[in-house]
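# Everything below, folded, please.
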Amino acid sequence: MASVPTLSRGGDVSVQGTNDDAQISKLSCAKLGYFKDEFIKYFVRRSSRRSPLINRGYFARVLALRGLLEQFFDVVSRLDASEGRQHVAQVLSLGAGFDTTFFNIEAEDRSRARWFEVDFKEVTQRKAAIIAANAPLHEQLGPNAKEKIHPGEGKVQTEALSVLPADLRDVDGVESALLASGFDPQLPTYVLAECVLVYMEAEESTALVRWLGKFLSTAACIVYEQIKPGDAFGRQMLTNLECRGCPLRGLQATPDLAAHQLRFLKNGWQRADAKDMSTIYRAYLDPTEKHRAERLEIFDEFEEWHMIQDHYCLVLAVNDASGVLHDFKFKQKVPIAAVPQFPRAD
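Prediction:
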């Protein structure tokens, strides 16, 4: 068993707290109609309306990630008939927190994958308890699902969804938990790490990326996290999070798009691409959805909007032993428009 690097208990708890903040923001978006999510309300104790700037940012984040997931399902759907079973693909969500994507996919009756979520035990205990207590959630898991939900252990183990307690700094422990729950490393797998790796030490996240590259022969890994720590906005972003007790420990090792690509290419992945969220928003999101969302709230914070989006990125890495994912990539929707230039204050 590999040794597990030690973070303070307080540091772990603070990072876990970012999960709660994210769910409040997503509920704010859902209530205002930025996207549909009938399940997020069960995971938020006290709702709060976020600013238009935050709402639009979460809208862009959710739409981009959902678009990549749908594209992944589309490119692997050709295996449905040949494999002769319902779940040809898998989704592995690292540091999943209270993410509700599984429930939304199931509610649309379009399940095309078996879902595995991994997080700290304290988080999975809370999630399992919430799922067990709310029928609209556990009814999505199939018949007799409540018998397969174990809040004390922090586990949900159904055919459709497995929620597993594990520390991502211990890759041996993560692998054991996945294999014990029926995870098949030979199946095409969509891996999501949404604001996860950046909270780990660089050597820890690199070890995780390297293990994934060896463990999964046909996979796409999507990373969403912060970049550009060196300018004034980036330094303030770092300070703000450090004051909350959750420093971005890995950001200096992956400060830009090239570093994100290189982390995957040097650690067992065949190809990798990375784009900042400003570019994603301008050219890679569904223009109809984007125009609809832009009419929901009055918005005049354009300079700050562009700065924030410039400091987040999406990374897409692929291993494709089977050739199934040859066409899985960022797909441009419209020509890339120039970013408006704002005068700088002296």
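
# quick one: the most centrally placed residue in the chain and E294, what's the gap?
Nearest to the geometric centre of the chain sits E194, at 3.0 Å (CA atoms, centre = their mean). Using CB to CB, to the nearest Å, we find E194 at a distance of 23 Å from E294. For every residue, glycine as well, the C-beta is placed using N, CA and C.

# L168 and S93 touch, don't they?
No: L168 lies out of contact with S93 (CB atoms under 8 Å); the separation is 11.3 Å.

# Now do the shared contacts for the two.
V118 (CB atoms under 8 Å, 6 or more residues apart in numbering).

# ok, and the closest non-adjacent residue to L141?
Spatial nearest neighbour of L141, chain neighbours left out: T158 (4.5 Å); criterion: CB to CB, 6 or more residues apart in numbering.

# doesn't Q140 make contact with the one you found?
No: with contact defined as CB under 8 Å, T158 does not reach Q140; the gap is 9.4 Å.

# Helices of the stretch 151-300 of the chain, residue ranges please.
Applying DSSP state H, counting those that start in this stretch to the stretch 151-300 of the chain gives helices spanning 171-180, 202-215, 232-243, 257-265, 277-279, 287-294.

# elements contacting the shortest one?
It refers to helix 277-279. Where contact means 3 or more CB pairs under 8 Å, 6 or more residues apart in numbering; DSSP states H and E, helix 277-279 is packed against helix 52-76, helix 302-310, strand 312-320.

# Export those as JSON lines, with columns for mean neighbour count and distance to V163.
Listed next are those as JSON lines, based on neighbours: other CB atoms under 10 Å; distance: least, CB to CB, whole Å:
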{"stretch": "helix 52-76", "mean neighbour count": "19", "distance to V163": "18"}
{"stretch": "helix 302-310", "mean neighbour count": "17", "distance to V163": "31"}
{"stretch": "strand 312-320", "mean neighbour count": "22", "distance to V163": "24"}
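
# Low-confidence ranges, this protein, go.
For the chain, the stretches flagged by pLDDT under 70 are 1-11, 14, 78-87, 110-111, 339-346.

# go again using 80 as the cut-off
Applying pLDDT under 80 to the chain flags residues 1-17, 78-88, 109-112, 336-346.

# L32 versus A272, what's the distance?
Look at A272 and L32: by CB to CB, they are 35 Å apart.

# And those two? Which one has more around it.
More crowded of A272 and L32, by other CB atoms under 10 Å: A272, with 21 against 16.

# For K148, give me its contacts.
Contacts of K148 (CB under 8 Å, 6+ apart): L141, V156, Q157, T158.

# farthest pair in those?
The span of the contacts of K148, defined through CB to CB, is set by L141 and Q157 at 9.8 Å.

# Please say which of these two ends up with more neighbours.
L141 (22 against 18).

# That one touches V156, doesn't it?
Yes: with contact defined as CB under 8 Å, L141 reaches V156; the gap is 7.3 Å.

# Common neighbours of those two, please.
I131, K148, I149.

# roughly how far apart are the closest residue to F35 other than its chain neighbours and A30?
Using CB to CB, 6+ apart and skipping residues adjacent in sequence, the residue nearest F35 is V62, 5.5 Å away. From V62 across to A30, the span is 9 Å (CB to CB).
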